[in-house]
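1. can you look at this prediction? I've put the sequence above it.
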Amino acid sequence: MTRRKESSARQRRIATVAGATTVLVVSAAATAMAWPQQDSVRAGTQVSTQTSAPAASASAGDVMANLFQWNWASVATECTEVLGPNGFGGVQVAPPQDSIRVNWDHHPWWEVYQPAGYDLNSRMGSEAEFRDMVQTCRDAGVKVYVDAVINHMSGSDMTASGATSYSGNKYSAMTYPGLYTKDDFHQAADCPTSSGDVENYDDVQQAHFCRLGKLEDLKTESDYVRGAITKYLNKLVGYGVSGFRVDAAKHIPRADLKAIIDGLDPTVDGTRPYVALEVFGGQGELSQAAYSELGSVLGLDASVQLKKAFSGNLAALENFGDGLVASDKSLTFVMNHDTDRTGESISSKDAATEKLATQFVLAHDYGVPQVYSSFRWNAYDDAPPSGADGLITDTDCNNGAWNCLDRDPAVLGMVAFRNSVGDAAVTNWSDDGADLISFSRGEAGWTALNNGTSAQTQTFATGLPEGTYCDLTSGGTQDGSCVGTTVKVGADGQASVKVPARAAVAITQDSRL
């Protein structure tokens, strides 16, 4: 949630993404990554478009899907039918803990970011459904990463007497029976502001000991509080979860956060849990660099770079990632549920730009890439399709209420591209000084992206051997034949390629016919 303009407790944000309803299964080679690796290499498959479960699955790499506020049954289905077969290595899911349940005429999306306990019955489903989802995804070769809300509990304005959570528990101001009492929270004496809320997000004491937009701030320096948080997270690890996106990590002192992370059990993969910390802006002790000593950080500053380039000069991406945290410390994305609403990133309402920018993130060598899929929204508080009880209904990528970018064939083609090129470095960069860029990934692959409004034809240095290749973003191969566009590379490694408007072309050694 942390960002440059942190706001009220209810101002937790979501995003939407453009998506297609067909699923593209593309041949791709497995490549070992430093980030969460799969338990086994999955067999390559032929290209097909389908909406039902494929017969086999593509090799998995480091790409993560973020299925924001999909219910557990829908996540499980997506893992089986889309993510696993198309080479995604992981999926980030919504906060699974119990949360407030407002007594309004609607249930805003930010309810799940105001915990009312650590029971696992939530808007997304029951504890049994959550556990089944994790195992189903793992069976499909997709690891599960949980959005962990551990800085705070509910908002002080959401704790009226008799309030009831999604698990049916009663709670009141700084009192969560069987879990926390007033002594487990920071009090007015701990915070230097008269409001008790953070007013200067660059002030260390305010950031760590005041309420973040009225959210009751947990006393994470307490051994008891740390123990309760660690117990909750380790329960998830025991269910097969492979890591966490830590919400509002900037508002937890690093020493406290380190103690919690150090207390996590090994995952069923036999590794330490992967941790990506939400830290936006800040200097010194509150900087991304400081928190990256504890784990990875969310690529929020990278999303700002992307917005600037895609709204101005795409050639500026030659230096993408410069001045940011190290590549292996960044979970990189075009947008998330925060930045879409604040306007700090590319907007989900600009579907063509969002898709092309996502393809760039997948094609480039900076960071661990994430593809964002969520629901359409108009008003700020809009939640995903839900029943009157607030429980989120099954995701339907065909009804216009959801944006399923993880299913878009052009995006899936670039997932295959990334899995094929592995950790090969960006080389052979070229651009026209404006909207057209291209680069190789070593000798493993080459791509071009055109952010202009008309197609452009140019001769590029691909760095690939002579031959005919199949463009992965326009169809890939099927039964040894190219469904999409072919690219002919000459003996000198040059290729004359027409790059469509607002689109990409991508080829790899594996897509050579």
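-> Perfect, I can see it now. Numbering: from 1, shown residues only.
2. ranges for the helices of this structure?
-> 72-78, 127-139, 204-209, 223-238, 254-262, 288-291, 300-310, 339-342, 351-363, 409-421 (DSSP state H).
3. which stretch among the ones you listed comes nearest G84?
-> Closest to G84 of these, according to C-beta to C-beta: helix 127-139, at 7.6 Å. Using the backbone N, CA and C atoms, a C-beta is placed for each residue, glycine as well.
4. that closest one vs helix 223-238, what angle?
-> 50 degrees (axes from the mean of the first three to the mean of the last three C-alpha atoms, to 10 degrees).
5. how near is the residue nearest to G284 when sequence neighbours are not counted to D328?
-> Distances taken as C-beta to C-beta, 6 or more residues apart in numbering put A290 closest to G284, at 6.8 Å, once the chain neighbours are dropped. Distance of A290 to D328, computed by C-beta to C-beta, to the nearest Å: 17 Å.
6. what's the answer for L257, then?
-> 19 Å.
7. who has more neighbours out of the two?
-> Shown here are L257 and D328; by other C-beta atoms under 10 Å, L257 has more neighbours (24 against 14).
8. gap between that one and N66?
-> 22 Å.
9. domains of this protein?
-> 23-421, 426-511 (automatic domain parsing).
10. can I get these in CSV including mean pLDDT?
-> Shown next, in CSV, are the domains of the chain (pLDDT from 0 to 100):
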stretch, mean pLDDT
domain 23-421, 90
domain 426-511, 96
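11. number of nearby residues for the nearest residue in space to D256 that is not next to it in sequence?
-> Nearest residue to D256, sequence neighbours excluded (C-beta to C-beta, 6+ apart): T220, at 3.8 Å. By other C-beta under 10 Å, 22 other residues sit near T220.
12. surely T220 touches R254?
-> No: in this structure T220 lies outside contact range of R254 using C-beta atoms under 8 Å: 10.5 Å.
13. which residues touch T136?
-> By C-beta atoms under 8 Å, 6 or more residues apart in numbering, the contact list for T136 reads 76, 79-80.
14. could you dump those to TSV with distance to V487 and neighbour count?
-> Formatted as TSV, these follow (distance: C-beta to C-beta, whole Å; neighbours: other C-beta atoms under 10 Å):
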residue	distance to V487	neighbour count
A76	37	25
C79	32	27
T80	33	19
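15. now distance to Y239 too, for those, in TSV please.
-> Below are the contacts of T136 laid out as TSV (distance: C-beta to C-beta, whole Å):
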residue	distance to Y239
A76	13
C79	15
T80	18
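16. of those residues, which is the nearest to D338?
-> For the contacts of T136, the nearest to D338 is C79 (24.4 Å; C-beta to C-beta).
17. let me know whether the closest one touches C137 as I believe.
-> Yes: at 3.8 Å, C79 and C137 qualify as touching, with contact defined as C-beta under 8 Å.
18. residues that sit against both of the two, list them.
-> With C-beta under 8 Å, 6+ apart, C79 and C137 have common neighbours V91.
19. quick one, phi psi at the residue nearest to D256?
-> Main-chain dihedrals, T220, degrees, to the nearest 10: phi -70, psi -10.
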